[in-house]
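> Give me a model of this one.
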Amino acid sequence: MIWFLFGFSSSEGSRFGLRWFTPACEVPLCGHATLASAAVLFHKIKNVNSTLTFVTLSGELRAKREEDGIVLDFPLYPAHPQDFHEVEDLIKTAIGDTLIQDICYSPDTRKLLVRLSDTYNRSFLENLKVNTQNLLQVENTGKVKGLILTLKGDPDGQAQAFDFYSRYFAPWLGVAEDPVTGSAHTVLSSYWSQQLGKKNMHACQCSCRGGELEISLHPDGRVDIRGSVAIVLEGTLTA
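A predicted model of the protein is given here:
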């Protein structure tokens, strides 16, 4: 992922333009690149503001500095029930005969959410082999741009319990599998809030380089996604 940050007085300004690009195209929303932009401004540029506003293709996004991480204020996108037969070829190509509990579609983000059977556990989702190589041939209408696989979380009372798990695939955008995806959680948060009857949730995206997210839904139809950051590399680009 490559992103471009635009703004003046980066140490004192509170408003910046932001765009994101995958190896294949520009995308309207990217969570980890927004988190990284905020981290650089807060921790490297030493921006003096506690909250930054990014002007993007998805409207205004806010990043708030907190002691234990950064909180991103994102849109919340509903997912609607999807007829299995309309996406059967896509699902069968991706995960074969894996048992399905529910299927929903988010028209705002063009993401297909596939909930796996509650009989499966986290280990099953982590080890599931997903065929992304043939998805572009199976689905080439432009309706689907991302595939979310998700699973209900641990029973209450378990240590470090999660409300839900997920993995995310977007070969249509040049990304076979994304490690931790803020944009996918704008859909997942809406879906699981309705399913679980909860506004505050603890989520885990369990890809090989996955991560944990703290989620809080707003009364105004937006969602806070909290994450931690670590700057691991610095460099200078020269023409």
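
> pLDDT score assigned to residue 133?
Confidence at residue 133, expressed as pLDDT, is 94.

> Report how many residues lie close to it.
10 (other CB atoms under 10 Å). Placement of C-beta: from N, CA and C, glycine included.

> Who are the contact partners of the closest residue to it other than its chain neighbours?
Nearest residue to residue 133, sequence neighbours excluded (CB to CB, 6 or more residues apart in numbering): residue 171, at 7.5 Å. With contacts defined as CB atoms under 8 Å, 6 or more residues apart in numbering, residue 171 is in contact with 132-133, 135-136.

> Between those residues, identify the one with the most neighbours.
residue 135 (21 neighbours).

> contacting residues for that residue?
Counted by CB under 8 Å, 6+ apart, residue 135 has contacts 90, 93-94, 147, 169, 171-172.

> at 6 Å what do you get?
residue 171 (CB atoms under 6 Å, 6 or more residues apart in numbering).

> Output the top helix by length along the chain as CSV, restricted to C-alpha atoms.
For the chain, the helix with the greatest residue count under DSSP state H is helix 182-196. The C-alpha coordinates for helix 182-196 follow below in CSV (Å, rounded to 0.1, in the frame of the first residue of the first chain):
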residue,chain,number,x,y,z
GLY,A,182,-9.8,-1.0,8.9
SER,A,183,-12.1,-0.7,5.9
ALA,A,184,-13.3,-4.3,6.4
HIS,A,185,-14.1,-3.5,10.0
THR,A,186,-16.4,-0.7,9.0
VAL,A,187,-18.6,-3.5,7.7
LEU,A,188,-17.8,-6.1,10.3
SER,A,189,-18.6,-3.7,13.1
SER,A,190,-22.1,-3.1,11.7
TYR,A,191,-22.8,-6.8,11.2
TRP,A,192,-21.5,-8.1,14.5
SER,A,193,-23.1,-5.3,16.5
GLN,A,194,-26.5,-6.4,15.2
GLN,A,195,-25.7,-10.1,15.7
LEU,A,196,-24.3,-9.8,19.2
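
> for the record, mean pLDDT for it?
Mean predicted confidence for helix 182-196 is 97.

> before we move on, what SS does residue 154 have?
coil (DSSP: H, G, I helix; E, B strand; the rest coil).

> And the residue nearest to it when sequence neighbours are not counted, how far from residue 182?
Of all residues not flanking residue 154 in the chain, residue 161 sits nearest, at 4.1 Å (CB to CB, 6+ apart). From residue 161 across to residue 182, the span is 22 Å (CB to CB, to the nearest Å).
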